[in-house]
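K.L.:
return a 3D structure for these sequence lines:
(chains A and B)
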Amino acid sequence: GENVEQHPSTLSVQEGDSAVIKCTYSDSASNYFPWYKQELGKRPQLIIDIRSNVGEKKDQRIAVTLNKTAKHFSLHITETQPEDSAVYFCAATLLFSGGYNKLIFGAGTRLAVHP
Amino acid sequence: NAGVTQTPKFRILKIGQSMTLQCTQDMNHNYMYWYRQDPGMGLKLIYYSVGAGITDKGEVPNGYNVSRSTTEDFPLRLELAAPSQTSVYFCASSYEGLRERSYNEQFFGPGTRLTVL
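P.N.:
Numbers count the residues shown, from 1 in each chain, chains lettered A, B, ... in the order given. Alright, predicted model coming up:
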């Protein structure tokens, strides 16, 4: 079945530096790739997503890039701030029976931004 | 809107006990999902529903059951609790789901932390 691998599992950066998290997926039929941020003890929340017909998408300090040929996508956070510290999850859709997609999540990256 | 709400927030069960985790959404979303999140891990889909009366299994359905009698409610039932079911359970909902050409954000509830001893 579909598998999503996420690297690194932990990432530590200094405030103001950039952070990059990478994910690979196995099913070439996947067509939607969201990123979720989960603060400690809180629920996951969508921060950015990208569709398979787009190569890059930006929203202020965060951006996501997609390489369909290589089947990988990445989250880029620039000018990191302490409040960016959280666990970040990537996900990919898997075309499911009946035409309904379901999300397959990566294992998460714990990002720590040090002042 | 309250969004997605879940009860209880915390629960401790003994092995073999049963319980129902409640989930309600007031956004008129037709798709609803149940995930479990084990410590340090990602989210695994347990069951999902694409509308009232329609449910289907996700990646890890064993030991669980669901029902969807209304658009708003999607309870998750544990019949014979086992230590392997110790986890944080998240309910989520989305509008029209993630069909081709229709990608929609999944909104998550606050979670239920379940411990089975």
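K.L.:
and the longest strand along chain A, what does it pack against?
P.N.:
Ranked by residue count, the top strand of chain A under DSSP state E comes out as strand A:86-95. On a contact count with 3 or more Cβ pairs under 8 Å, 6 or more residues apart in numbering or on different chains; DSSP states H and E, strand A:86-95 meets strand A:4-7, strand A:19-25, strand A:32-38, strand A:72-77, strand A:101-105, strand A:109-114. For the C-beta atoms, the positions are set from N, CA and C on the backbone; glycine is no exception.
K.L.:
can you add mean neighbour count and distance to B:Val116 and give those strands back as TSV?
P.N.:
Output for these, formatted as TSV (neighbours: other Cβ atoms under 10 Å in any protein chain shown; distance: least, Cβ to Cβ, whole Å):
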stretch	mean neighbour count	distance to B:Val116
strand A:4-7	18	28
strand A:19-25	20	31
strand A:32-38	23	23
strand A:72-77	21	34
strand A:101-105	23	23
strand A:109-114	17	26
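K.L.:
low-confidence ranges, chain A, go.
P.N.:
A:94-101 (pLDDT under 70).
K.L.:
with adjacent residues omitted, what lies nearest to the most centrally placed residue in it?
P.N.:
Nearest to the mean C-alpha position of chain A, counting by Cα atoms, centre = their mean, stands A:Cys90 at 3.3 Å. Spatial nearest neighbour of A:Cys90, excluding adjacent residues (Cβ to Cβ, 6 or more residues apart in numbering or on different chains): A:Cys23 at 3.8 Å.
K.L.:
ok, now B:Pro83?
P.N.:
In this structure, B:Pro83 finds its nearest non-sequential neighbour in B:Val116, 5.1 Å apart by Cβ to Cβ, 6+ apart.
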